[in-house]
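K.L.:
heads up, no residue letters with this:
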């Protein structure tokens, strides 16, 4: 019953269970048995994970790891720390400045044509722009290349495959199309590795490859690299699309907010956004975070217990799946 209600009204179901059962309750969601965990102190304890009581791998091993392997978000403890060095090498100050320049160029070319589109619908245009940006920044692909379009279609198929409960690997089921999408993504990226390993490419893939080949361990296997690269691309463009889409109605309905955000942008006195300018856009930053509070881009976080733990005076055994819905903490009346 819980899964059916959650599929129809996830936020309402999660709030209702918190009111009825409190911050910790046994439940079953989408064919997985576990414990529903809410409350700021509980979530803080899980996220900080000071005593290594909780595991990302235990949480995700039966779901998205089928699609993204053992990517950085699903690793734990020392294993996570070592892999993180490679991933963070692609997010240095110089790298971020380069990404900002690429983003400016693609966004400027794309947005200037939107006013010519009759009956403009935001979602497909936002998604197309962000896919082009992600393809350029993450993989060094030209934003108008066939490769970017192929990857977009493949990732969309993977998303649909992840969300379906009917796991039949034959046409025309979504799961089967998702499996084919995953194969296309990995084969496409695998073919890029030789070229991206050479030279001084400024895309994320090239930077990670160079970091993996330096004198410091770890040295990623090809499959580990593909796991990280596919997850970062997917997480980067899909969550940003969702957040921007939710921001637009509030911008349209709240005219004072729209004018203040516009004035904040105009005060920069430049057409392009430099990475250093982000700190000056406090109002826009606040609005972005408020949208994420009201409409979490990842509505459900998963973790698992690495050993027996206590949450809100409940003893939870080891290897137990934890469901953490963001929307409950984000909308608690007392805060």
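P.N.:
Here it is on my side, so go on. Keep in mind it's a predicted model, so treat the numbers as computed, not measured. Numbering: from 1, shown residues only.
K.L.:
So what would you say the end-to-end distance of stretch 307-315 is?
P.N.:
Between the opening and closing residues of stretch 307-315 lies a distance of 11 Å (C-alpha to C-alpha, to the nearest Å).
K.L.:
quick one: the strands in the stretch 151-300 of the chain?
P.N.:
300-305 (DSSP state E, counting those that start in this stretch).
K.L.:
Report the residue spans of it with pLDDT below the cut-off.
P.N.:
Applying pLDDT under 70 to the stretch 151-300 of the chain flags the ranges 215-218.
K.L.:
Mind doing that once more with 80?
P.N.:
Residue ranges of the stretch 151-300 of the chain with pLDDT under 80: 151-152, 163, 165-166, 171, 199, 214-219, 236-237.
K.L.:
biggest helix in the chain by residues?
P.N.:
Ordering each helix of the chain by length in residues (DSSP state H) puts helix 222-253 first.
K.L.:
Check which helices and strands that one sits against.
P.N.:
helix 65-68, helix 77-88, helix 122-139, helix 146-163, helix 174-196, helix 204-212, helix 255-266, helix 282-294 (3 or more C-beta pairs under 8 Å, 6 or more residues apart in numbering; DSSP states H and E). (Glycine included, C-beta is placed from N, CA and C.)
K.L.:
Return the set of buried residues in it.
P.N.:
For helix 222-253, a neighbour-count test (16 or more other C-beta atoms under 10 Å) marks 224-238, 240-244, 247 as buried.
K.L.:
re earlier: need the helices and strands packed on helix 222-253 in TSV with mean neighbour count and distance to residue 317, can you?
P.N.:
TSV is the format used below for the helices and strands packed on helix 222-253 (neighbours: other C-beta atoms under 10 Å; distance: least, C-beta to C-beta, whole Å):
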stretch	mean neighbour count	distance to residue 317
helix 65-68	20	22
helix 77-88	15	20
helix 122-139	20	40
helix 146-163	18	28
helix 174-196	17	31
helix 204-212	22	38
helix 255-266	13	47
helix 282-294	15	32
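K.L.:
Now that we have the ones you listed, can you turn them into a markdown table and tack on distance to residue 31?
P.N.:
Formatted as a markdown table, the helices and strands packed on helix 222-253 follow (distance: least, C-beta to C-beta, whole Å):
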| stretch | distance to residue 31 |
| --- | --- |
| helix 65-68 | 14 |
| helix 77-88 | 27 |
| helix 122-139 | 29 |
| helix 146-163 | 13 |
| helix 174-196 | 14 |
| helix 204-212 | 35 |
| helix 255-266 | 41 |
| helix 282-294 | 28 |
